[in-house]
Every structure is written in structure tokens, then in C-alpha cells.
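*Asks:* The sequence isn't on hand, but the structure is:
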């Protein structure tokens with residue numbers, strides 16, 4: 001993912017330099033400096049990885065990361081705005097509309113587009129760093145035992161504790177989560193970015209999550225980028241039950257609910273177990289409804305065919321920006337945000353609580369803490 005991101009960002013940077021920076025009526029030295037700044041923003045992930053941490057986890061002061069994230073977001077939006085202007089100019093030329101051509105070639109138009117992109121970048125990063133608000137939904141499950149009718153499951157995902165979203169931010173997420181008084185808390189991956197030592201103070205507040213039936217977690221792709229085995233020990237040390245292609249049971253008044261969890265496909269790069277739903281369900285009660293924790297939503301159709309009643313996922317961050325979700329969903333089985341009916345299964349894809357520091361912007365796609373209340377379906381199981 002990271003090399004492709006750098007290539008795309010470099011192409012967009014070149015486009016911005018040619019269509020916005022170089023035509024500016026500024027001294028050559030200033031235009032050269034601005035051009036270098038644009039390319040630095042495009043390649044800042046790799047530059048930072050050479051001197052301060054990794055592409056997955058930049059180890060820089062919070063405000064430095066926020067500035068870099070703002071610059072990168074502004075670059076993407078600026079390239080989009082310029083592309084739209086150039087596309088409109090092309091159409092105007094094909095239609096031979098002199099008035100439209102003159103308007104689209106106005107010397108102020110592209111600089112204004114650049115400043116607009118910068119303003120939206122600042123706004124987007126501020127939203128990405130905001131503490132998520134609770135969102136409540138009801139989910140009907142066929143065959144849900146009466147003892148679990150009204151059962152409250154709180155989903156956290158994509159927390160991405162880091163130098164950007166630090167321990168103070170994580171503590172606020174934990175406080176907001178506990179205030180919902182869930183029966184069970186599940187975390188569907190990407191809890192952290194960085195090593196155990198680097199995140200010692202940032203992930204510790206997760207140990208204060210409280211629910212009568214505990215906290216259950218699975219891995220996301222980011223757990224694999226640094227010290228996977230150490231992170232599994234650290235999470236369990238906080239009292240979490242981590243499911244790696246296995247399941248656990250929640251019991252109430254003799255009734256059973258199966259909570260299964262699978263690993264992430266990026267495990268293949270590290271020689272670790274790939275997601276295996278058969279292994280996760282081995283030995284489970286065949287009469288108990290299954291809630292599956294799967295970081296990525298793309299296998300939802302196959303999971304539904306295996307009899308899963310509710311799948312909880314994250315990974316997509318909701319697409320980050322309105323419109324960009326159409327691209328993100330293509331890499332995730334057509335799923336990007338919210339509730340989906342997949343056969344007899346309900347899939348819920350959370351926008352996530354946090355964001356990877358390398359692209360820490362949200363525009364029109366708010367972060368969330370999701371409280372899911374289970375309801376017995378009136379339909380015949």
C-alpha cells in the first residue's frame with residue numbers, strides 16, 4: 001500500500017506544480033521553494049520513515065504530524081480541484097465557449113482552488129483528531145435467545161493510538177465508551193500504531209474499558225506492522241480477550257451467544273496465521289447465534305454463507321472524505337460504512353474512532369463509537 005501511495009502522491013504533486021505553482025507570478029526562487037514543499041508533502045511518509053519512526057507510525061510531535069497530515073490532505077484535494085477545472089476547460093474548448101474559457105483561465109481561479117484545498121485540509125484533520133461521538137443502532141437477529149434481547153454490544157475500531165492520537169485522546173474515548181454502559185465491548189482491530197515501548201502511555205487507558213462481559217479484541221492490519229506477538233501480550237495484559245481465529249461464548253440464563261474473531265490477511269507477509277473462519281468456529285455451539293469480529297468487511301458474503309448472523313468490521317474509516325468512499329469500497333467488497341443486509345446476516349462497518357496518522361482527515365465522514373443493541377427478530381429463524 002505505502003509504495004503505491006508514494007507514486008500516486010508524486011504524480012499529483014507534479015500536476016500541482018505544473019498547473020498551479022509554476023504559472024504563479026512570483027520570483028523563480030519562490031516558485032522553486034513552493035514546488036519543493038509540494039513534493040515534500042507528497043513524499044513526507046517516506047521522508048519521515050528515514051528519520052523518525054516508520055510510514056505506519058511516525059514518531060514526531062503531535063503538531064508536526066498534524067501539519068504534515070494537513071499538507072498531504074490539501075495536496076490531494078488541490079489536485080482534485082485543479083483536475084475539475086482543467087476538465088471543465090477542456091469541455092469549454094470543445095464547445096468553443098469563449099466566455100467559459102475566459103472564466104476558467106482567470107488568473108485567480110487556481111490559487112483560490114489551492115487555498116480552498118488548504119482550508120478543507122485544516123478542517124479535515126481537525127475532524128480526524130476529534131473525540132468520536134456515540135452512535136446507537138438496533139440489529140435484529142433471527143434465533144436470538146430471549147435472554148439476549150436488548151443485549152448491548154459496544155464496538156470500537158481503528159483507534160490508532162499514536163503520537164497524533166495520544167493517551168489523553170484515548171482516555172476520552174474510553175470514558176465516552178464506558179458512559180454507554182454496554183454489556184460487552186468489542187474492538188475490531190487497528191488499536192495502535194508503533195511499538196509497545198513507543199505507545200506505552202498511549203494504549204494504557206484501554207485497560208480502563210469496563211463491561212460486565214468484558215472486552216474482546218481482534219487484530220487489524222496495523223498490529224502486524226510492529227511487534228505483533230508483543231502487542232498480543234500487551235493487550236491481554238490489559239485484560240482483553242484477544243481472538244485469533246477462535247471464539248468465546250457469552251452466557252445468560254442458560255442461553256449462549258458465540259463471539260468469533262479472525263485475524264487479518266496482512267498476516268501472510270509475516271508468516272502468521274491467515275483469517276480462518278472454520279477454525280474460529282470449530283467446536284462452537286451450532287444452536288448459538290454467531291457474532292463475527294472481522295477487521296475487514298470484504299469477506300462478508302462468504303461469512304454470511306457460513307451462518308454468521310452479525311459481522312462487525314472497520315478498516316475503511318468510512319472512506320475518509322465524501323466521494324472517496326466510492327474508491328475505498330471497491331477494495332473492500334463493496335462495503336465502506338454503516339449497515340448492510342448480506343443474505344441473512346447483518347454487516348456493520350464502523351467509520352472507526354481514530355485514523356492512521358499518515359492520512360488523518362475526515363470530511364463529512366464522522367468518527368464513531370457504536371452501541372449495538374441486539375433484538376430478537378420476529379422472522380422465522
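*Replies:* All right, it came through fine. On a predicted model such as this, the values are computed, not experimentally measured, just so you know. Numbering: from 1, shown residues only.
*Asks:* Quick check on the residue minimising distance to the centre of the chain: phi, psi?
*Replies:* The central residue of the chain, meaning the one whose C-alpha is nearest the mean C-alpha position (C-alpha atoms, centre = their mean), is residue 317 at 2.9 Å. Reported as degrees, to the nearest 10, the phi and psi values for residue 317 are phi 60, psi 20.
*Asks:* Enumerate every residue touching it.
*Replies:* Under the criterion of C-beta atoms under 8 Å, 6 or more residues apart in numbering, the contact list for residue 317 reads 158, 328, 351, 352, 355, 356, 362, 365. Backbone N, C-alpha and C define where each C-beta goes, glycine included.
*Asks:* Quick one: classify the second one as helix, strand or coil.
*Replies:* Translated: residue 328. State at residue 328, reduced to three classes by DSSP: H, G, I helix; E, B strand; the rest coil: helix.
*Asks:* Can you report how many residues neighbour it?
*Replies:* The criterion is other C-beta atoms under 10 Å. On that basis, residue 328 has 19 neighbouring residues.
*Asks:* Excluding chain neighbours, give the residue nearest to it in space.
*Replies:* Nearest residue to residue 328 in three dimensions, chain neighbours excluded: residue 319, at 4.3 Å (C-beta to C-beta, 6 or more residues apart in numbering).
*Asks:* quick one: contacts for that neighbour?
*Replies:* For residue 319, the contacting residues are 325, 326, 327, 328, 329, 336, 337, 365, by C-beta under 8 Å, 6+ apart.
*Asks:* which one of those sits closest to residue 225?
*Replies:* Nearest to residue 225 out of the contacts of residue 319 is residue 328 (C-beta to C-beta; 19.6 Å).
*Asks:* Would you confirm that that closest one contacts residue 321?
*Replies:* No. In this structure, residue 328 is not within contact of residue 321 by C-beta atoms under 8 Å, at 9.5 Å.
*Asks:* helices or strands next to the lengthiest helix in the chain in the packing?
*Replies:* Using DSSP state H to define each element, the chain has its longest helix at helix 62-94. With contacts defined as 3 or more C-beta pairs under 8 Å, 6 or more residues apart in numbering; DSSP states H and E, the packing partners of helix 62-94 are helix 2-16, helix 28-42, helix 44-51, helix 98-104, helix 109-128.
*Asks:* Rounded mean pLDDT for the shortest one, please.
*Replies:* For helix 98-104, mean pLDDT is 94.
*Asks:* buried sites along it?
*Replies:* By neighbour count with 16 or more other C-beta atoms under 10 Å, helix 98-104 contains the buried residues residue 104.
*Asks:* So what touches that helix?
*Replies:* Under the criterion C-beta under 8 Å, 6+ apart, residues 85, 88, 89, 92, 93, 109 lie in contact with helix 98-104.
*Asks:* what's the distance between that helix and the middle of its chain?
*Replies:* Averaging C-alpha coordinates over helix 98-104 and over its chain gives two centres that are 41 Å apart (C-alpha atoms, centre = their mean, to the nearest Å).
*Asks:* Now do the helices in the stretch 201-350 of the chain.
*Replies:* If you assign secondary structure with DSSP state H, counting those that start in this stretch, the helices in the stretch 201-350 of the chain sit at 228-237, 277-281, 300-305, 325-328.
*Asks:* how about those helices in TSV, adding distance to residue 251?
*Replies:* Converted to TSV, the helices of the stretch 201-350 of the chain look like this (distance: least, C-beta to C-beta, whole Å):
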stretch	distance to residue 251
helix 228-237	21
helix 277-281	17
helix 300-305	23
helix 325-328	38
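*Asks:* so which of those gets nearest residue 343?
*Replies:* Of all these, helix 300-305 comes closest under C-beta to C-beta, at 4.0 Å.
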